[in-house]
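Peer 1: this one's structure only:
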């Protein structure tokens, strides 16, 4: 089967291309820009386009299907050519469903935590010897790709994103999967460029519940009041609805110990109340899929996390440096609080990049009030060029200052200034913890750059 990827360079797109090529599909692709690690990985597999840009001549009657990425536009010349030839066009969630429609599908959704919960489930299933297909939104230790599709599996585990499926399919991705088992980890307004009011955003999760297969089950975080209110309105009698909440734990000498019935079970390397909820969600799913409770605890003790989810970039006797994907207000607050609680005696430096459409929107900025309250030194960075690129109204340093309402907050559009701010601390505390938060890359800074800013 010949499949052509339009916008092959995306995180999920290039991983799906690699998975299909490995399964024997004839894969081609195009994009107008591709960056590492996608560029390097596609090149290694012989799938990197020879030239950047769109070439409609690649699309012929011999092309069996198109997989269309969100980076493309509705007037993309390759897309128009495929439509004129009547070639089947899939978004990547549509294609994942097509490949797994006869399998037990597990979908992990929610405004936060879905990548981590999916990663936990994948780690536990792999550790306990259960085969499965998967799609996850970050690189995980022990896995070569973020997508795997095989013929010899009966289970598919998908991270369920509420963002749009493709430029010509404005449904949330998770609505394509029709899960047998679903998790919703929490609801906090995001993607305001697509869901301009909160009620519209919340309704997508109601529609997800309605899409669960008869006989299926939905697990939801009962600590989330918005989600609890939504689930109270669900009237389906042909599915089970079960709640979960934060797993009992104890922080002890900077170690996190899971508790059960008041007794220690295992030590885990991840931390924070939000991650204790993630563990509860993952446990529900894994036990439903046949993993024993003791097997789950043994496996989760060796889970090291996923990329950019409180990822430890560097540590020595005096300093620790973490990187996290947190960008929405609820995620930022939970992440900062988790680090503060884990290292109560350390000086905490937090750097937040405003990068998404929502975070750079004046209407949304006010929700960041108190999100950095636990930081000893807080810095907010934004790039005015990104604001222009997203066609948003200009935001100013005063706009951000008023929104965050934190004393001594450093706000800058210069990476040199936030580096200086990190180095200027005169604290007498013996240890320091640095937390960088962004869904971007601080205008191209590498991990080594971020580490060097702390010394």
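Peer 2: In hand now; what should we look at? Model, not experiment: these values are computed from the prediction. Numbers count the residues shown, from 1 in each chain.
Peer 1: so residue 443 makes contact with residue 384?
Peer 2: No. Judged on CB atoms under 8 Å, residue 443 makes no contact with residue 384 at a distance of 10.8 Å. All C-beta atoms are positioned from the backbone trio N, CA, C, and that covers glycine.
Peer 1: looking at the two, which has the bigger crowd around it?
Peer 2: Counted by other CB atoms under 10 Å, residue 443 and residue 384 do not tie: residue 443 has more neighbours, with 16 against 12.
Peer 1: for that one, what are phi and psi?
Peer 2: Per-residue torsions, residue 443: phi 60, psi 40 (degrees, to the nearest 10).
Peer 1: what is the burial count for the nearest residue to it once chain neighbours are set aside?
Peer 2: Leaving aside its sequence neighbours, residue 443 sits nearest to residue 383 (CB to CB, 6 or more residues apart in numbering; 5.4 Å). Taking other CB under 10 Å as the neighbour definition, residue 383 ends up with a count of 19.
Peer 1: tell me how far residue 383 lies from residue 79.
Peer 2: Distance of residue 383 to residue 79, computed by CB to CB, to the nearest Å: 30 Å.
Peer 1: isn't the residue nearest to residue 443 right next to residue 412, touching?
Peer 2: No. The pair residue 383 and residue 412 does not pass the contact test of CB under 8 Å, sitting 10.2 Å apart.
Peer 1: show me what contacts the residue nearest to the spatial centre of the chain?
Peer 2: Taking CA atoms, centre = their mean as the criterion, residue 115 is the residue nearest the geometric centre of the chain, at 4.6 Å. By CB atoms under 8 Å, 6 or more residues apart in numbering, the contact list for residue 115 reads 136-138, 159, 306, 309, 325.
Peer 1: count the neighbours of the residue nearest to residue 88 when sequence neighbours are not counted for me.
Peer 2: Distances taken as CB to CB, 6+ apart place residue 65 nearest to residue 88, at 4.8 Å, with adjacent residues excluded. The number of residues packed near residue 65 is 17, by other CB under 10 Å.
Peer 1: now residue 65. Its backbone dihedrals?
Peer 2: The phi/psi pair for residue 65 (degrees, to the nearest 10) is phi -160, psi 150.
Peer 1: surely it and residue 94 touch.
Peer 2: No. Using CB under 8 Å, residue 65 makes no contact with residue 94, being 10.1 Å away.
Peer 1: what's in contact with the helix ranked longest in the chain?
Peer 2: The helix that spans the most residues within the chain, counting by DSSP state H, is helix 273-288. Helix 273-288 has contacts (CB under 8 Å, 6+ apart) with 106, 108, 112-113, 116-117, 120-121, 124-125, 181, 183, 185-186, 217, 219, 221, 223, 242, 244-249, 258, 268, 270, 293, 296, 300, 310, 334-335, 337-338, 341.
Peer 1: which ones among the residues you listed are found in helices?
Peer 2: In this view, the contacts of helix 273-288 that belong to helices under DSSP H are 116-117, 120-121, 124-125, 293, 296, 300, 334-335, 337-338, 341.
Peer 1: show the buried residues in the contacts of helix 273-288.
Peer 2: Restricting these to buried positions leaves 106, 108, 112-113, 116-117, 120-121, 124-125, 181, 183, 185-186, 217, 219, 221, 223, 244, 246-247, 249, 258, 268, 270, 296, 300, 310, 334-335, 337-338, with burial counted as 16 or more other CB atoms under 10 Å.
Peer 1: now the longest helix of the chain: buried residues?
Peer 2: Across helix 273-288, burial judged by 16+ other CB under 10 Å covers 274-286, 288.
Peer 1: over to stretch 360-370?
Peer 2: 360-361, 364-365, 367-368.
Peer 1: please identify which pair of those lies farthest apart.
Peer 2: 360 and 367 (12.8 Å; CB to CB).
Peer 1: for the stretch 301-450 of the chain, give me the ranges with low pLDDT.
Peer 2: For the stretch 301-450 of the chain, the stretches flagged by pLDDT under 70 are 425-427.
Peer 1: mind running it again at 90?
Peer 2: Under the criterion pLDDT under 90, the flagged ranges of the stretch 301-450 of the chain are 305-308, 317, 357-358, 361-364, 387, 389-392, 418, 421-430, 439-441, 443-444.
Peer 1: still on that earlier bit, pLDDT value on the residue nearest to the centre of the chain, please?
Peer 2: pLDDT recorded at residue 115 is 93.
Peer 1: for it, which non-adjacent residue is closest in space?
Peer 2: Residue 115 sits nearest to residue 137 (CB to CB, 6+ apart), 4.6 Å away.
Peer 1: domain map for the chain?
Peer 2: The chain breaks down into these domains under automatic domain parsing: 2-86, 95-300, 311-452.
Peer 1: what's the distance between the last one and the middle of its chain?
Peer 2: The offset between the C-alpha centroid of domain 311-452 and the centroid of the whole chain comes to 18 Å, using CA atoms, centre = their mean, to the nearest Å.
Peer 1: same check on the second one?
Peer 2: The chain centre lies 12 Å from the centre of domain 95-300; the measure is CA atoms, centre = their mean.
Peer 1: now the first one
Peer 2: Domain 2-86 sits 23 Å away from the centroid of its parent chain (CA atoms, centre = their mean).
Peer 1: start to end distance for that domain?
Peer 2: 15 Å (CA to CA, to the nearest Å).
Peer 1: please shift the residue numbers so they start at 21 in all later answers.
Peer 2: Done: numbering now begins at 21, and the last item shifts to domain 22-106.
Peer 1: state the mean pLDDT of it.
Peer 2: Averaged across domain 22-106, the pLDDT comes to 96.
Peer 1: right, and residue 321 touches residue 288 too?
Peer 2: Yes. Using CB under 8 Å, residue 321 is in contact with residue 288, at 6.0 Å.
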